Every structure is written in C-alpha cells, then in structure tokens.
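> Need a 3D model of the following:
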Amino acid sequence: MRFLRQTVIGFVLAAVTLALLALAAQTVGSAIQTRMSKDRTPPPTRERVFAVNVVTAQAGRTHPVLETFGEIQSRRRLELRAAISGRVIWLADSFQDGGAVRKGDVLVRIDPSDAQAVVDRLQADLADARSEQRDAARGLTLAQDESAAADEQADLRGRAHQRQIDLQTRGVGTAAAVETAELAASAARAQVLARRQAVAQAQARIDQAATRLTRTQIALAEAQRKLDDTTLIAPFSGTLGATNVVEGRLVSMNERLAELIDPNDLEVSFRVSTAQYVRFLDSLGQVMRAPINVTLDVAGLDLTADGTITRASAGTGDGQTGRVIFATLAKPIGFKTGDFVTVRVTEPPLENVVRLPSAAMDAAQDVLVLGAEDRLEAIRVTLIRRQGDDVLVRSPLLEGRDVVQARSPLLGAGIAVKPLRAGQPTATAPAMVELSAERRARLVAFVKDNAFMPQEAKDRVLAKLSEPQVPLKMVERIESRMGG
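Numbers count the residues shown, from 1 in each chain. Down below sits the predicted model:
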C-alpha cells in the first residue's frame with residue numbers, strides 16, 4: 001500500500017509539471033505572436049516650443065542720459081598768504097579749520113611796529129617837503145619882484161643915458177657925462193640879467209620841491225600799504241580750511257596761512273570721452289548749456305542738486321584723454337568741496353529710436369523678433385546709445401514688431417516660441433518695514449554718531465526713522481554701513 005501511494009503521488013506531480021510546462025509554452029508563443037503582429041512605425045516627435053518674454057518695439061523721440069562721475073569744487077577758492085614777514089599778534093576767533101567768516105572780517109594781525117615807524121618818518125619827510133615847497137613859492141615871488149625892480153632901474157638908466165646924448169648933441173653936455181650915463185645903463189642891464197637868473201633858480205627850486213613832495217608821497221603810500229598788509233582781511237564770505245598759524249608765530253613773506261572757500265558757489269567737474277564731448281557741441285562748436293543732475297550717496301539718503309553745463313576745459317591734461325566739463329549747481333545744499341558724486345547729463349534728443357533691454361541684442365547687433373506662426377526671425381539693428389541696462393537702436397524693419405527681451409543659446413532664427421507679453425508697467429510703492437524698538441534705537445544711534453553726514457541729511461534720516469514704517473532700502477543701506 002505504501003508503494004502504491006507513493007507511485008500515485010509521483011504520477012500526479014509529473015502530470016502537474018507537464019501541465020505547467022504546456023501553459024508556459026502557450027504563454028511564450030502568444031507573446032511572440034502579439035509582438036510580431038504590432039506596427040513598427042515610430043511615433044511622431046513633437047517640436048519643442050520655448051516660452052519667451054517679448055516687448056513691442058516703438059520708435060519715438062528719446063532724451064539719452066549720460067552717467068559719469070565727477071568732483072565737487074568751489075568756483076571761489078583763495079589761498080590766504082602773509083604779505084609781509086613778522087610776528088602774529090592777534091587771530092580772529094573764527095580763524096580755524098571750518099570757521100565761517102564774512103567779507104571784510106579781520107582775520108590776522110601781524111606786528112605793525114616797524115611798518116608804523118616807517119610811516120611816521122615819511123610823514124615827517126612829507127611835512128618837510130611841503131614846507132620846502134612853500135618856501136620855494138615865496139622865494140619865487142621875491143625873485144620876481146626884484147626882477148621887476150631891476151627892469152625899472154634899467155629903464156631909468158637908459159632914459160638918463162639918452163638925455164646925456166641929447167645934451168651932447170646940442171653942445172650942452174660933455175662926453176664924460178655921456179660915458180658915465182652909459183656905464184650906469186650897462187650896469188642896470190647886468191642887474192636885470194642877474195635878477196632873471198634868480199627867478200629861474202627860484203622856479204627850479206619850486207620844481208625840485210614838487211618832485212621831492214611827489215617822491216615822499218609815493219614812499220608814504222608804499223609804507224602805508226605795507227602797514228595795511230599787517231592786517232589780513234577776508235576778501236569774500238566763506239569757510240576757512242587748512243589753517244596753520246597760531247598767535248605769536250613768526251611768519252615769512254608769502255607764507256600760506258589758510259585757505260578760504262566759498263561753500264555757496266559750487267560747481268562740478270567731470271570727464272567724458274571725446275565722442276561724448278562732441279555730442280554736447282552746438283553748430284558754432286560751443287558747449288551747450290545742457291541740464292545735469294548730481295547725486296551724493298550718504299547713509300540712507302541721496303543728496304541731489306540740479307545744475308547747468310557752463311564750459312569745457314582748455315586742454316586734456318598731461319597723460320589724460322577726453323575732455324573735462326564744468327557745470328554750476330543751483331542749490332548745492334549739503335555738498336562740500338571734494339565730494340565724489342554721480343553726474344547725469346541730459347543729452348540732445350534722438351529721433352526715431354527704439355529702447356530695448358541690452359540682453360535683447362547680441363554681439364553682432366542682431367535682435368530676434370516674432371514672425372509668422374510665432375517663429376523667430378533675426379533683424380540687424382544699428383546701436384545708437386547704451387543706457388544702463390537698455391540700448392537705443394534704430395532699424396526700419398523693427399517698428400511695431402515683438403522683440404525677444406533676453407536672448408539665450410537655445411533661441412535662434414526659425415525656432416517656434418510661445419510669446420509672453422507683459423502688461424503696462426505700473427509704479428509700485430517702495431517696500432516698507434516695521435522696526436522693533438531695539439533695531440530702531442540702534443539705527444538712530446548710528447546716524448547721530450556719524451560725523452561725516454551733513455546735519456540736514458541727519459535730520460531727514462532721523463525723521464524717516466521716527467515713522468511707524470521705514471523704507472526698507474534706507475534700512476538696508478544704514479545696516480550695510482554699520483555692519484548689521
């Protein structure tokens with residue numbers, strides 16, 4: 001029984017195995033037949049479409065803005081120097097670095113003792129010269145009177161001589177009397193000549209007295225100027241700088257004592273290339289009075305001022321290129337001499353130009369525009385100006401076309417794209433932030449301790465910081481300077 005049972009089990013297992021093998025063979029065959037019956041044509045591929053931002057090209061009139069850097073300087077800047085040598089005996093209270101003075105203020109006094117002595121001596125010489133002139137005038141009057149008397153005496157002697165001649169002719173007079181009268185007349189004429197010579201000498205004395213008086217007056221005026229030079233007076237209102245003298249110090253002639261700067265008459269000088277300079281010339285070759293705007297970046301607030309171009313430098317300078325242009329500032333509040341500022345100059349307008357992002361143009365000056373079926377086309381343009389992140393271009397084929405704002409290596413002529421058109425740009429309010437009490441106090445303390453910020457700028461920044469919401473840009477600027 002046991003043998004029979006095991007034999008039956010063996011036949012059952014063999015039957016099951018054969019059945020499974022048959023099922024596997026049928027499955028494999030069915031799979032091969034299905035695979036052989038399928039269509040081997042490859043599926044169609046889809047063209048890749050890129051999404052791009054486009055902007056409509058609109059030609060029009062544009063005022064380009066030239067941005068460069070310049071330096072603030074005063075139009076009236078004077079070095080105060082000692083006109084004479086001597087010891088400083090007095091200084092004004094405002095004679096210090098940063099001191100404000102007004103026109104006509106006495107700044108420095110140098111010991112005037114020697115100069116005063118020379119003036120006193122020359123005044124005495126002037127008095128002597130005037131006395132000599134008066135004596136010479138009186139002497140001329142006396143000499144003229146004596147000359148008149150000598151003329152009368154000579155006339156009398158001449159008539160007496162003529163009478164003796166008449167008497168001798170009538171036989172009454174004698175030859176001795178005629179000779180005596182002739183000798184007397186001759187002596188009278190000699191006396192007239194002597195008196196005339198005395199008059200000439202008196203006139204020469206008057207001329208010499210006048211010359212001496214003039215020379216004395218010239219010497220006195222020169223001495224008075226030297227005496228006046230012992231006092232240094234401010235020629236105009238301004239601020240002192242680079243003071244290097246103290247009371248009691250000996251100064252030499254032409255020694256620099258300080259520098260006087262007018263802080264209200266400021267101008268900005270900036271250098272441009274020769275090509276940029278040519279764009280500011282009018283038909284007569286003169287620099288146009290174009291408007292400018294200068295900006296000084298201070299902690300959290302920009303100082304700005306408007307101005308007008310006035311002139312250009314006469315030369316380029318040693319080892320320099322381009323041209324230096326000067327412009328006056330209308331209201332330079334907060335600016336100081338030596339400030340390094342950003343200058344923006346409005347150039348003459350350009351007609352029929354298109355403003356595009358600089359990324360829209362490649363190195364060959366080609367831009368991509370939308371064509372038929374939203375496929376890209378390449379158009380050659382002419383670059384007119386670069387304005388920051390934008391370019392000003394000109395092309396007769398660009399008006400009204402949709403231009404790709406930013407090119408990439410994946411884009412080119414003939415590629416299909418999906419255009420994304422942005423709406424009209426709207427002005428957004430600056431980002432504001434609420435400050436904690438600790439953060440606000442830290443910012444206020446930094447602004448108050450900043451010695452380089454003008455007081456007016458401090459007041460404006462502190463006023464902003466006292467508001468409930470503060471501009472985020474201003475907070476970031478202050479924290480970047482304080483290391484926060």
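> which intervals of the stretch 151-300 of the chain have sub-threshold pLDDT?
Along the stretch 151-300 of the chain, segments meeting pLDDT under 70 span 172-173, 178, 299-300.
> Which residue is the nearest non-sequential neighbour of residue 401?
Leaving out its chain neighbours, the residue that sits closest to residue 401 by CB to CB, 6 or more residues apart in numbering is residue 369, at 4.2 Å. The C-beta positions use only the backbone N, C-alpha and C, and glycine is treated the same way.
> partner residues bridging the one you found?
Beta-bridge pairing of residue 369, defined through DSSP bridges, involves residue 377, residue 403.
> Do I have it right that it meets residue 380?
No. Taking contacts as CB atoms under 8 Å, residue 369 lies outside contact range of residue 380: 11.2 Å.
> and those two? which has more neighbours close in?
Counting neighbours by other CB atoms under 10 Å for residue 369 and for residue 380 shows that residue 369 has the greater number, 20 against 12.
> for residue 93, what are its contacts?
When the contact criterion is CB atoms under 8 Å, 6 or more residues apart in numbering, the partners of residue 93 are residue 99.
> That one belongs to a helix, doesn't it?
No. With DSSP: H, G, I helix; E, B strand; the rest coil as the criterion, residue 93 is assigned coil and is not in a helix.
> any idea which strand is longest in the protein?
Within the chain, and with DSSP state E defining each element, the longest strand by residue count is strand 301-312.
> picking up where we left off before, and the gap between the residue nearest to residue 401 and residue 407?
Taken as CB to CB, to the nearest Å, the spacing of residue 369 relative to residue 407 amounts to 12 Å.
> Ok, residue 336 next?
When distance is defined by CB to CB, residue 336 is 45 Å away from residue 407.
> out of these two, which sits in the more crowded spot?
It is residue 407, of residue 336 and residue 407, that has more neighbours when counted by other CB under 10 Å, with 18 against 15.
> where's that one relative to residue 359, distance?
Spatial separation of residue 407 from residue 359 under the definition CB to CB is 6 Å.
> where exactly do the strands run in the stretch 351-484 of the chain?
Counting by DSSP state E, counting those that start in this stretch, residue ranges of the strands within the stretch 351-484 of the chain are 366-370, 376-380, 382-387, 390-394, 402-404, 417-421, 432-434, 469-471.
> rank these by mean pLDDT and give me the bottom one.
If the strands of the stretch 351-484 of the chain are sorted by mean pLDDT, strand 432-434 sits at the bottom with a mean of 81.
> Run through the bridge partners of the residue lying closest to residue 100 once chain neighbours are set aside.
Leaving aside its chain neighbours, residue 100 sits nearest to residue 239 (5.6 Å; criterion: CB to CB, 6+ apart). Here residue 239 sits in beta bridges with residue 100, residue 261, going by DSSP bridges.
> and residue 239, how far is that from residue 102?
Taken as CB to CB, the spacing of residue 239 relative to residue 102 amounts to 11 Å.
> Comparing the two, which shows the higher neighbour count?
With neighbours defined as other CB under 10 Å, residue 239 and residue 102 compare such that residue 239 has more, 19 against 10.
> and the more buried one, what is it in contact with?
Contacts here follow CB under 8 Å, 6+ apart; on that basis residue 239 touches 98-101, 260-263.
> quick one: the helices in the chain?
Using DSSP state H, the helices of the chain run over residues 2-37, 113-170, 175-228, 274-278, 437-449, 455-465, 472-482.
> List the beta-bridge partners for the closest residue to residue 475 other than its chain neighbours.
With CB to CB, 6+ apart as the criterion, residue 475 has its nearest non-adjacent residue at 6.1 Å, and that residue is residue 433. The bridge-partner assignment for residue 433, based on DSSP bridges, gives residue 470.
> Near residue 433, how many other residues are there?
Residue crowding around residue 433 was assessed by other CB under 10 Å; the count is 13.
> can you pull the contacts of it?
For residue 433, the residues meeting the contact criterion (CB under 8 Å, 6+ apart) are 469-472, 475.
> do residue 92 as well
With contacts defined as CB under 8 Å, 6+ apart, the neighbours of residue 92 are 99, 101, 105-108.
> Tell me which two in the residues you listed are the farthest apart.
Within the contacts of residue 92, 99 and 106 form the most distant pair, 13.2 Å apart (CB to CB).
> who are the neighbours in contact with residue 309?
With contact set as CB under 8 Å, 6+ apart, residue 309 has these partners: 280, 287-290, 292, 325-327, 345.
> Quick check: beta-bridge partners of it?
Following DSSP bridges, residue 309 is listed with bridge partners residue 327.
> and the gap between it and residue 220?
Using CB to CB, we find residue 309 at a distance of 50 Å from residue 220.
> Can you tell me, leaving aside adjacent residues, what's nearest to the residue positioned nearest the centre of the chain?
The residue at the geometric middle of the chain, judged as the C-alpha nearest the mean C-alpha position with CA atoms, centre = their mean, is residue 268 (2.2 Å). Closest residue to residue 268 in three dimensions, ignoring its sequence neighbours and counting by CB to CB, 6+ apart: residue 70, at 4.5 Å.
> unless I'm mixing things up, the one you found is touching residue 343, no?
Yes. The criterion here is CB under 8 Å, and residue 70 meets it with residue 343 at 4.4 Å.
> Give the intersection of the neighbour lists for those two.
268, 270, 294.
> Once you drop chain neighbours, what's closest to the last one?
On the basis of CB to CB, 6+ apart, the spatially nearest residue to residue 294 that is not a chain neighbour turns out to be residue 341, at 4.5 Å.
> same thing with the second one?
For residue 270, ignoring the flanking residues on the chain, the nearest one in space by CB to CB, 6+ apart is residue 70 at 3.2 Å.
> Enumerate every residue touching that neighbour.
Applying CB under 8 Å, 6+ apart, one finds that residue 70 lies in contact with 268-271, 294, 340-343.
> Now do it against residue 278, distance only.
Relative to residue 278, residue 70 is positioned 19 Å away (CB to CB).
> just the CA coordinates of stretch 258-274, formatted as CSV?
The C-alpha coordinates for stretch 258-274 follow below in CSV (Å, rounded to 0.1, in the frame of the first residue of the first chain):
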residue,chain,number,x,y,z
ALA,A,258,44.9,129.4,5.4
GLU,A,259,42.5,128.7,2.5
LEU,A,260,39.2,130.5,2.0
ILE,A,261,36.5,128.6,0.2
ASP,A,262,33.0,129.9,-0.8
PRO,A,263,30.7,127.0,0.1
ASN,A,264,27.7,128.6,-1.7
ASP,A,265,29.3,128.9,-5.1
LEU,A,266,30.0,125.3,-6.0
GLU,A,267,30.4,123.6,-9.4
VAL,A,268,31.1,120.0,-10.5
SER,A,269,33.8,118.9,-12.9
PHE,A,270,33.5,115.6,-14.8
ARG,A,271,35.5,113.9,-17.6
VAL,A,272,33.9,112.5,-20.7
SER,A,273,35.3,110.8,-23.8
THR,A,274,35.9,112.8,-26.9
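> in that stretch, what counts as buried?
Of all the residues in stretch 258-274, those buried under the rule 16 or more other CB atoms under 10 Å are 258-262, 265-268, 270-272.
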